[in-house]
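Peer 1: fold the following and give me the result.
(4 chains)
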Number of protein chains: 2
Amino acid sequence: MSFKQELFSQFARVGKALSNGNRLELLEFLAQGERSVEQLSKVAGLTVANTSQHLQQLRHAGMVSCRKEGLKVYYSISGDDVIHLLDALRAVAERHVSDVQHLVNTFLTVKDDLEPIPRSELLERARDGLVTVLDVRPPEEYAAGHVPGAVNIPLQELEQRLGELGKEQEVVAYCRGPHCVLAFDAVARLREKGMKARRLEDGYPEWKIAGLPVEESQTASPE
Amino acid sequence: MSFKQELFSQFARVGKALSNGNRLELLEFLAQGERSVEQLSKVAGLTVANTSQHLQQLRHAGMVSCRKEGLKVYYSISGDDVIHLLDALRAVAERHVSDVQHLVNTFLTVKDDLEPIPRSELLERARDGLVTVLDVRPPEEYAAGHVPGAVNIPLQELEQRLGELGKEQEVVAYCRGPHCVLAFDAVARLREKGMKARRLEDGYPEWKIAGLPVEESQTASPE
DNA sequence: CTAGTAATCAACTAATCACTTGAATACTAT
DNA sequence: ATAGTATTCAAGTGATTAGTTGATTACTAG
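Peer 2: Next comes the predicted model:
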């Protein structure tokens, strides 16, 4: 029954795509929207050639697709099922691998205080002016699409631009996904300054997939 | 930001667990219920030592847990989220990796005729006596739990025991999971004999997770 | 205590993988 | 054409992985 083995090794090809930390990081960035090879290589801290190789593996596993436009090649996640797969992977890692829990716990000062706010709640509370929505991703990613009304302050600039956020107002921060550290970090820093801050559950890709409204800036890269 | 890298490599550990065909096969068997190392090694066609090593990797990734009883060590899937992860993996592989589709297509004579029947439909149609439910897994797995009223005829015996299935009655076959070949094979053979046969969507683990009723025989291995 | 069984461990080989480097391709602008 | 840029290809190296084999541990039955 060689058919069986063939089949399992095809599945394993998808598994292999998930077996490397750098590839998972690339996938997390790609979950934001399409990106060029160069952008991805910078953000993941890899050489361009290496990034290209990883992307090709992901493409062979059917997880990303690419589109050539002029000189640049834009890669993107090839379907919502891939995002679901990534979330399922995260769920298992988070629930079972105690090291992950430990990492998250030690990174955050107080865990229980950091309950994320559900997506469903955010929209109405933002509309009522009860919270300020803070997008801590880099401007390019913000431009490509963000939660309506969100203020964009990249993490590096947070300390200087604290004034832009109301001292009393509760801040809800979000970033790339449920385990992107940016929002965790932002919340931790805001809390250090004595501000009320929470994290949005998950991140922008999940928000978008959930069918909630998004806003795009004019400088956005083409979708 | 070494925290980020740590985190991604923890996720990658789970990904690595999914990166080998034999491990995926072991997981599929484990999705049926708990199994001893020896059972698993036989069914996957691996040596006991090698099986043990794979199982330990899975355990490190938090995907399976084990329980020692006397001489034997019984492994089992450590949570429903693991089954969801496996399904998400399958979904991506199936949808995107054209080779898988090709494999499935060539293996089955006519694809469009082989639409699986949804779980929800099966129960009522079986109750009304419209279909015969056929479990083509080995007797041990059948004994450990099966769809109520299902007839157990392992694939090898199918040809001889054809008489047990009504000639006119439609047969719905199921096995271990959405891509276990047993049910595909059974349907193909029954159709060759001119019988009406379809596959149940997914397999037994998904049935059980969906909270649908199951039946257990007295010879079942402990759950 | 002894023999026997289930599982794991330890040491090893062949294969695969991640990453680097330098060259090649594909496209754009001058 | 020519130079310049983004990406891919090809070849090589060190690290990791899959699987084999034989020894070792943990337990049971006589």
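Peer 1: quick one: find the helix or strand in chain A with the lowest mean pLDDT.
Peer 2: Lowest on mean pLDDT, DSSP states H and E among the helices and strands of chain A sits helix A:98-107, with a mean of 54.
Peer 1: list the contacts of whichever helix or strand comes after that one.
Peer 2: As assigned by DSSP states H and E, the chain's next helix or strand after helix A:98-107 is helix A:119-127. Residues outside helix A:119-127 that contact it (CB atoms under 8 Å, 6 or more residues apart in numbering or on different chains): A:131-133, A:147-149, A:172, A:200-202, A:206-207, A:210, A:212-213. (Each C-beta comes from the backbone N, C-alpha and C, glycine too.)
Peer 1: residues in contact with the most centrally placed residue in chain A?
Peer 2: Centroid-nearest residue in chain A: A:R176, 1.9 Å away (criterion: CA atoms, centre = their mean). The contact partners of A:R176, taken as CB under 8 Å, 6+ apart, are A:E28, A:F29, A:A31, A:Q32, A:R137, A:E141, A:L182, A:G203, A:Y204, A:P205.
Peer 1: in a strand, that's where it is, yeah?
Peer 2: No - assignment of A:R176 by DSSP: H, G, I helix; E, B strand; the rest coil gives coil, placing it outside any strand.
Peer 1: quick one: it and A:Q53, what's the gap?
Peer 2: Distance, A:R176 to A:Q53, by CB to CB, to the nearest Å: 23 Å.
Peer 1: count the neighbours of A:P154 for me.
Peer 2: 17 (other CB atoms under 10 Å in any protein chain shown).
Peer 1: and the pLDDT at the closest residue in space to it that isn't next to it in sequence?
Peer 2: With sequence-adjacent residues excluded and distances taken as CB to CB, 6 or more residues apart in numbering or on different chains, A:P154 is closest to A:P138, at 5.4 Å. With respect to pLDDT, A:P138 has a value of 82.
Peer 1: A:P138 and chain B: what is the separation?
Peer 2: Relative to chain B, A:P138 is positioned 14 Å away (CB to the nearest CB, to the nearest Å).
Peer 1: so where do the helices sit in chain A?
Peer 2: With helices called from DSSP state H, chain A shows them at A:2-17, A:21-30, A:37-44, A:48-60, A:80-96, A:98-107, A:119-127, A:139-143, A:181-192, A:204-209.
Peer 1: alpha carbons of the shortest one, as PDB, please.
Peer 2: Extracted in PDB, the C-alpha atoms of helix A:139-143 (Å, rounded to 0.1, in the frame of the first residue of the first chain):
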ATOM      1  CA  PRO A 139       3.600  52.200   9.300                       C
ATOM      2  CA  GLU A 140       3.700  50.100   6.100                       C
ATOM      3  CA  GLU A 141       1.700  47.300   7.700                       C
ATOM      4  CA  TYR A 142      -0.700  49.900   9.100                       C
ATOM      5  CA  ALA A 143      -1.100  51.400   5.700                       C
END
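Peer 1: so does that helix get close to DNA strand D?
Peer 2: No - judged by CB under 7 Å from any atom of the strand, helix A:139-143 makes no contact with DNA strand D; its nearest approach is 13.9 Å.
Peer 1: list the residues that contact A:V147.
Peer 2: A:L122, A:A126, A:V133, A:D135, A:Y174, A:L200, A:Y204, A:W207, A:L212, A:V214, A:E215.
Peer 1: 6 Å - rerun?
Peer 2: By CB atoms under 6 Å, 6 or more residues apart in numbering or on different chains, the contact set of A:V147 is A:V133.
Peer 1: state the pLDDT value of it.
Peer 2: 89.
Peer 1: equivalent analysis for the one 4 residues further on, please.
Peer 2: Per-residue confidence for A:V151 comes out at a pLDDT of 88.
Peer 1: what's it in contact with, if anything?
Peer 2: Contacts of A:V151 (CB under 6 Å, 6+ apart): A:L134.
Peer 1: contact partners for A:H96?
Peer 2: B:G62, B:S78.
Peer 1: buried subset of the contacts of A:R176 as a PyMOL selection?
Peer 2: Buried subset of the contacts of A:R176, written as a PyMOL selection, criterion 16 or more other CB atoms under 10 Å in any protein chain shown:
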select buried, chain A and resi 28+29+31+32+137+141+182+203+204+205
